[in-house]
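In: Got a sequence here, can you build the structure:
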Amino acid sequence: MTWIQTYTGRAFEPLNPDPDDIDPLDIAHALSMVCRFTGHTRRFYSVAEHSVRVSWLVEEMGGPMAGLCGLLHDASEAYIADVARPLKHSPTMAPYRAVEARIQDVVLYHFGITPQEWNEHHGAVKRADNVMLATEVVQLMQWPPPQPWAFDVEGLALISGADKAATGLGWHPRRARTEFLYELVGLWKRLGRDRTGLKLVAP
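Out: Numbering: from 1, shown residues only. The predicted model follows:
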């Protein structure tokens with residue numbers, strides 16, 4: 001078998017992804033069910049919630065297209081799950097990274113994000129991703145850590161406990177899914193795009 005069945009009932013082929021098989025609801029739902037840090041958090045914290053919070057941060061820095069890139073930066077994980085960083089970046093995982101990159105390219109194409117737009121905002125997305133990582137470790141993991149973390153200290157100083165992106169971490173999956181879709185629709189509107197182009201399916 002070369003495909004997986006998605007939440008909306010599609011047959012998605014991870015090794016041969018088709019832009020027409022991408023569905024926002026599949027992405028939002030699957031990411032809402034995947035826990036960050038391979039589940040080693042004090043409470044459930046989904047990739048969908050992380051993505052929304054990265055989107056909030058990066059839109060403040062670069063506008064709605066940056067926010068859309070931030071929201072979708074982990075979208076490939078809806079189809080191939082999340083992998084811990086030490087394993088993901090090891091030499092033996094090069095084939096996995098190639099599959100992940102291909103799926104991510106297809107997702108970006110589906111949502112009309114050009115390679116130029118992605119490259120323009122990728123640095124800001126990566127920065128926001130690392131800032132949220134540090135925030136999540138502080139709030140969700142056992143403290144102190146067993147070994148020093150390489151925190152983006154300067155970036156972490158930009159976000160406080162009163163900031164929206166750092167407040168109330170740990171949404172229920174249903175809320176994370178809803179917030180992801182709400183953020184997607186909002187970004188789509190702020191970009192001046194046709195709402196029907198999202199092809200959203202009602203939960």
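In: quick one: contacts of stretch 164-179?
Out: With contacts defined as CB atoms under 8 Å, 6 or more residues apart in numbering, stretch 164-179 is touched by 28-29, 31-33, 41, 43-46, 48-49, 52-54, 56-57, 132, 135-136, 139-140, 159-161, 203. Quick note: C-beta positions are derived from backbone N, CA and C, even for glycine.
In: My error: substitute stretch 105-113 in the last question.
Out: Under the contact criterion CB under 8 Å, 6+ apart, stretch 105-113 has outside partners 17-20, 22, 27, 65, 68-69, 72, 75-76, 114-115, 118, 193, 197.
In: Make a PyMOL selection of the buried ones in these.
Out: Entered in PyMOL, the line below selects the buried ones among the contacts of stretch 105-113, by 16 or more other CB atoms under 10 Å:
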select buried, resi 17+22+27+65+68+69+72+75+76+118
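In: Now do the helices in this structure.
Out: Taking DSSP state H, the helices of the chain run over residues 24-32, 47-62, 64-71, 77-80, 85-88, 94-110, 115-140, 153-156, 173-190.
In: Next, the angle helix 64-71 makes with the second one.
Out: On the basis of axes from the mean of the first three to the mean of the last three CA atoms, to 10 degrees, helix 47-62 is oriented at 150 degrees to helix 64-71.
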